[in-house]
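Chemist: take this sequence and fold it.
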Amino acid sequence: MRTLVVVPTYQEAESLPLLLDGLAAHAPDVDVLVVDDGSPDGTGTIADAAAAADPRIHVLHRAAKAGLGGAYRAGFAWALERDYDVVVEMDADGSHRPRDLPRLLDRLRTGSADLVLGSRWVPGGGVVNWPWYRRFISRGGTWYAQHMLAIPVADATGGFRAFRRETLERLPLAEVASQGYCFQIDLARRVLDAGMTIDEVPITFVERTQGHSKMSGSIVREALWRVTLWGIKRRLVRRRTPALFG
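Modeler: Residues are numbered from 1 along each chain as shown. Take a look at the predicted model:
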């Protein structure tokens, strides 16, 4: 199964080389696509140098910072155009350990799930060096998505995940407007709404040691209002459906 790891970057000059080295050590058969949003710290130049030295590494340059969701959608399109069988989402900051990637891929190959999530909140998973407020945001966001959208997964906000090609082809990616971390909730709900299945494997999430977190109040607010809106629409549809067929 030809596999592409999509890595969005913005200001990750310190972290990106460590991630690429880790992937080469723990998943030497996968290809990597770095999607750089015009990082002013030279991240794109570092990615270009890595691609020149390693044919497994590719770079997609975007003109400016335009959101996590847009970067992933661009990476998905690049992967589908080149007939990859599996597409992986992975952060550039070192929080997703390359050593955990083979377990996600093994579960996808041997199981029947359409999407495999690397989960911090299932038995065997966990976080390292995370402040209490990040734990609250992550677990609170998942709890809210579970209740508003009936998403039966333990880690709806996690960004370490592996898609089958066919899964992405069945999703209306052009309609996905979410840009921040709620992009992860958005795709999970769309996978389930399309009648597909999700599995989770435990991972250890490690707080970044290089660079700066991209989490912000605007990202949290986007997730809150979008999930609320999706939940309200879902409830309205459920109320109207019996009337239509009654």
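Chemist: tell me the SS of P17?
Modeler: Under DSSP: H, G, I helix; E, B strand; the rest coil, P17 falls in the helix class.
Chemist: mind checking the SS state of the nearest residue to it once chain neighbours are set aside?
Modeler: Leaving aside its sequence neighbours, P17 sits nearest to I46 (Cβ to Cβ, 6 or more residues apart in numbering; 6.5 Å). For the C-beta atoms, the positions are set from N, CA and C on the backbone; glycine is no exception. Here I46 is recorded as helix under three-state DSSP.
Chemist: just checking, I46 touches A13?
Modeler: Yes: I46 lies in contact with A13 (Cβ atoms under 8 Å); the separation is 5.7 Å.
Chemist: neighbour count: the two, which is higher?
Modeler: Taking neighbours as other Cβ atoms under 10 Å, I46 and A13 compare with I46 leading, 21 against 18.
Chemist: pLDDT weak spots in the protein?
Modeler: For the chain, the stretches flagged by pLDDT under 70 are 208-217, 219, 240-246.
Chemist: quick one: the helices in it?
Modeler: Assigned by DSSP state H, the chain shows helices spanning 16-26, 43-53, 68-81, 101-110, 132-149, 165-170, 182-193, 217-245.
Chemist: tabulate those helices (TSV), appending distance to V176.
Modeler: Shown next, in TSV, are the helices of the chain (distance: least, Cβ to Cβ, whole Å):
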stretch	distance to V176
helix 16-26	25
helix 43-53	24
helix 68-81	6
helix 101-110	21
helix 132-149	15
helix 165-170	11
helix 182-193	6
helix 217-245	11
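Chemist: next, the spatially most central residue of the chain: phi, psi?
Modeler: Nearest to the geometric centre of the chain sits G159, at 3.2 Å (Cα atoms, centre = their mean). In terms of degrees, to the nearest 10, the main-chain angles of G159 are phi -110, psi 20.
Chemist: contact partners for it?
Modeler: G159 makes contact with 68, 89-91, 96, 181, 184 under the criterion Cβ atoms under 8 Å, 6 or more residues apart in numbering.
Chemist: turn those into a markdown table, columns for distance to V34 and neighbour count.
Modeler: Formatted as a markdown table, the contacts of G159 follow (distance: Cβ to Cβ, whole Å; neighbours: other Cβ atoms under 10 Å):
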| residue | distance to V34 | neighbour count |
| --- | --- | --- |
| L68 | 14 | 24 |
| E89 | 13 | 25 |
| M90 | 11 | 25 |
| D91 | 12 | 20 |
| H96 | 14 | 27 |
| Y181 | 19 | 23 |
| Q184 | 19 | 26 |
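Chemist: just checking, which of those residues belong to strands?
Modeler: E89 (DSSP state E).
Chemist: can you add distance to P172 and give the contacts of G159 back as TSV?
Modeler: TSV is the format used below for the contacts of G159 (distance: Cβ to Cβ, whole Å):
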residue	distance to P172
L68	18
E89	18
M90	23
D91	25
H96	26
Y181	20
Q184	17
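Chemist: just the closest of the contacts of G159 to P28, please.
Modeler: Lowest distance from P28 to the contacts of G159 (Cβ to Cβ) belongs to M90, with 15.3 Å.
Chemist: quick one: the residue nearest to the centre of the chain from A63, how far?
Modeler: In this structure, G159 and A63 are 23 Å apart, going by Cβ to Cβ, to the nearest Å.
Chemist: list the contacts of the closest residue to V86 other than its chain neighbours.
Modeler: Closest residue to V86 apart from its sequence neighbours, by Cβ to Cβ, 6+ apart: T3 at 4.3 Å. Listed by Cβ under 8 Å, 6+ apart, the contact set of T3 reads 27, 29-31, 84-88, 105, 162.
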